[in-house]
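Peer 1: Compute the structure for the input listed below.
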Amino acid sequence: MYSDGSALTQLPRGECLKLMASVPVGRVVYTRRALPAVELVNFAFYDGDIVLRTDPSGKLAAAARGAVVAFEADCLDLKHQAGWSVTAIGPSRAVTDPEEIARLQTIGLSSWAPGARDHFIRISPEILTGRYLRANGRQHVAGQPAGAVT
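Peer 2: Numbering: from 1, shown residues only. So this is what the prediction gives:
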């Protein structure tokens, strides 16, 4: 972990992964019709990958197959103007192997969105960046901020 002299502190890869794993919701950024698109999604980690569960006929499933995507998760404490943000960038792939699908169905990942969500997408983070934010140079306390909003 290092600071660039501002109120932002850059995070090492291990801390980034730990923080991302501490929240159930993130944002996947992908290309839809040659334009950037962002979707709020539930996710989980499995074997080092970010796993999403979605509708197989949805726009996200179609757009993310084989594409390089970004994924962002964060946790903010609005009262104390503190928090963290982590971004992962890497290739995505639709999970099609029946044995792998069966394993992913057991990891406890469910979608908050209504309807059937039986399609899995895996994102393999190749670039991972994260930072803590603290207002007025206050020190960040490890763990999630109280009153966190994700």
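
Peer 1: CA only for contacts and neighbour counts going forward, please
Peer 2: OK.

Peer 1: And the spatially closest residue to residue 81 that is not a sequence neighbour, how far from residue 24?
Peer 2: Beyond its immediate neighbours in the sequence, the residue positioned closest to residue 81 (CA to CA, 6 or more residues apart in numbering) is residue 135, lying 5.4 Å away. With distances defined as CA to CA, to the nearest Å, the gap from residue 135 to residue 24 amounts to 25 Å.

Peer 1: how many other residues sit next to residue 39?
Peer 2: The burial metric for residue 39, expressed as a neighbour count using other CA atoms under 10 Å, is 13.

Peer 1: Now do the phi/psi pair for it.
Peer 2: Note on residue 39: backbone dihedrals following degrees, to the nearest 10 are phi -130, psi 130.

Peer 1: What of residue 18?
Peer 2: Reported as degrees, to the nearest 10, the phi and psi values for residue 18 are phi -60, psi -40.

Peer 1: count of residues packed around it?
Peer 2: Applying the criterion other CA under 10 Å, we find 11 residues in the vicinity of residue 18.

Peer 1: contacting residues for residue 71?
Peer 2: Neighbour list for residue 71: 26, 27, 28, 29, 87, 88, 89 [criterion: CA atoms under 8 Å, 6 or more residues apart in numbering].

Peer 1: is it in a bridge, and if so with what?
Peer 2: Beta-bridge partners recorded for residue 71 (DSSP bridges): residue 28, residue 88.

Peer 1: Distance check, residue 50 against residue 79.
Peer 2: Taking CA to CA as the criterion, residue 50 is separated from residue 79 by 30 Å.

Peer 1: And residue 93, which helix or strand is it part of?
Peer 2: Under the criterion DSSP states H and E, the helix or strand holding residue 93 is strand 82-94.

Peer 1: got a list of contacts for that strand?
Peer 2: 16, 19-20, 61, 64-77, 119-135, 140, 144-145, 148.

Peer 1: for the record, mean pLDDT for the helix or strand just after that strand?
Peer 2: On the C-terminal side of strand 82-94, the closest following helix or strand by DSSP H and E is helix 98-104. Summarised as a single mean, pLDDT over helix 98-104 is 94.

Peer 1: begin at 49 from here
Peer 2: New numbering, starting at 49: the last item is helix 146-152.

Peer 1: got the buried residues for helix 146-152?
Peer 2: Along helix 146-152, these residues count as buried under the neighbour rule (16 or more other CA atoms under 10 Å): residue 152.
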